[in-house]
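Visitor: Give me the fold of what follows.
(chains A and B)
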Amino acid sequence: GIQVEQSPPDLILQEGANSTLRCNFSDSVNNLQWFHQNPWGQLINLFYIPSGTKQNGRLSATTVATERYSLLYISSSQTTDSGVYFCAGGWSYKYIFGTGTRLKVLA
Amino acid sequence: DAGITQSPRHKVTETGTPVTLRCHQTENHRYMYWYRQDPGHGLRLIHYSYGVKDTDKGEVSDGYSVSRSKTEDFLLTLESATSSQTSVYFCAISDYKTAPFNEKLFFGSGTQLSVL
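Guide: From the prediction side, this is the model:
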């Protein structure tokens, strides 16, 4: 099956810094999404992005499907951005998750 | 919140006992999923459903069964719980290809299950 690798596994930032999180897939996918799990365990869908670039406030994501990777950009980070970021991909409606990037933003 | 309710929110049980977790949705979503989350493993797909009475296995289905007798409910059953099934269980829904711009995966709040 498809393997999903996320990097880096852990990241510590000072408030206001920018960061890039990466998601690599072992095989082609036609469905890719990014999620944020907050410190209370809630999973929030950030982007549905099988290809191209999308932006939502300080967050943006780019997927290059032909090269089997996706990037999540966080600009001007805030302490509320802390948590774990997951990417998930697959074919049609079946999704496989990476192991996540744990982000801590310091005030 | 996509109208997803998981119950119970927390459960403690003993090894060998049957356990059923419930996922209830109120917005007629076609696809429903059960994931488990464990440290170091991210979220792993247990079972999923693509319609009433239509289910299939995911990555880690051994020891689990599911049922979907009506659109709004997706049940996950541990026939004989083991300590390795201690985990946080998340239900999710999507409308892949059935509703425009509604292809995102949305999660419930999770069920913390402890098997002693």
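
Visitor: nearest spatial neighbour of residue B:47, skipping sequence neighbours?
Guide: In space, residue B:47 comes closest to residue B:66 once its chain neighbours are excluded; the distance is 4.2 Å by Cβ to Cβ, 6 or more residues apart in numbering or on different chains. Heads up, the C-betas are built off the backbone N, CA and C, glycines and all.

Visitor: And what about that neighbour, helix, strand or coil?
Guide: Classification of residue B:66 using DSSP: H, G, I helix; E, B strand; the rest coil returns strand.

Visitor: how close does it sit to residue B:33?
Guide: Separation of residue B:66 from residue B:33 (Cβ to Cβ, to the nearest Å) stands at 10 Å.

Visitor: Give me the common contacts of these two.
Guide: B:47, B:49 (Cβ atoms under 8 Å, 6 or more residues apart in numbering or on different chains).

Visitor: Which one of the two is surrounded by more residues?
Guide: Of the pair residue B:66 and residue B:33, residue B:33 is the one with more neighbours under other Cβ atoms under 10 Å in any protein chain shown, namely 25 against 22.

Visitor: Need the pLDDT of the more buried one.
Guide: With respect to pLDDT, residue B:33 scores 95.

Visitor: beta partners of it?
Guide: Counting by DSSP bridges, residue B:33 forms beta bridges with residue B:48, residue B:92.

Visitor: Would you mind listing what in chain A touches chain B?
Guide: Residues of chain A lying close to chain B by Cβ under 8 Å from any Cβ of the partner chain are A:1, A:31, A:33, A:35, A:41-43, A:45, A:48, A:86, A:88, A:92-100.

Visitor: Point out where chain B drops to low pLDDT.
Guide: B:1-2, B:96-102 (pLDDT under 70).

Visitor: which ones are touching the spatially most central residue of it?
Guide: Central residue of chain B (Cα atoms, centre = their mean): residue B:34, 2.6 Å from the mean position. By Cβ under 8 Å, 6+ apart, the contact set of residue B:34 is B:21, B:23, B:45-48, B:58, B:64, B:66, B:74, B:76, B:89-92.

Visitor: Just the buried ones from these?
Guide: Among the contacts of residue B:34, those buried by neighbour count (16 or more other Cβ atoms under 10 Å in any protein chain shown) are B:21, B:23, B:45-48, B:58, B:64, B:66, B:74, B:76, B:89-92.

Visitor: other SSEs contacting the helix or strand hosting residue A:88?
Guide: Residue A:88 is part of strand A:83-90 when elements are defined by DSSP states H and E. For strand A:83-90, the packing partners by 3 or more Cβ pairs under 8 Å, 6 or more residues apart in numbering or on different chains; DSSP states H and E come out as strand A:4-7, strand A:19-25, strand A:31-37, strand A:69-74, strand A:96-97, strand A:101-106, strand B:42-51.

Visitor: Could you look up the next helix or strand downstream of the longest one?
Guide: Next along the chain after strand B:42-51, taking DSSP H and E as the criterion, comes strand B:54-57.

Visitor: Listing partners with orientation, what would you give for that following strand?
Guide: strand B:42-51 (antiparallel).

Visitor: partners of the strand holding residue A:88 in the sheet?
Guide: Short version: by DSSP bridges, strand A:83-90 pairs with strand A:31-37 (antiparallel), strand A:96-97 (antiparallel), strand A:101-106 (antiparallel).
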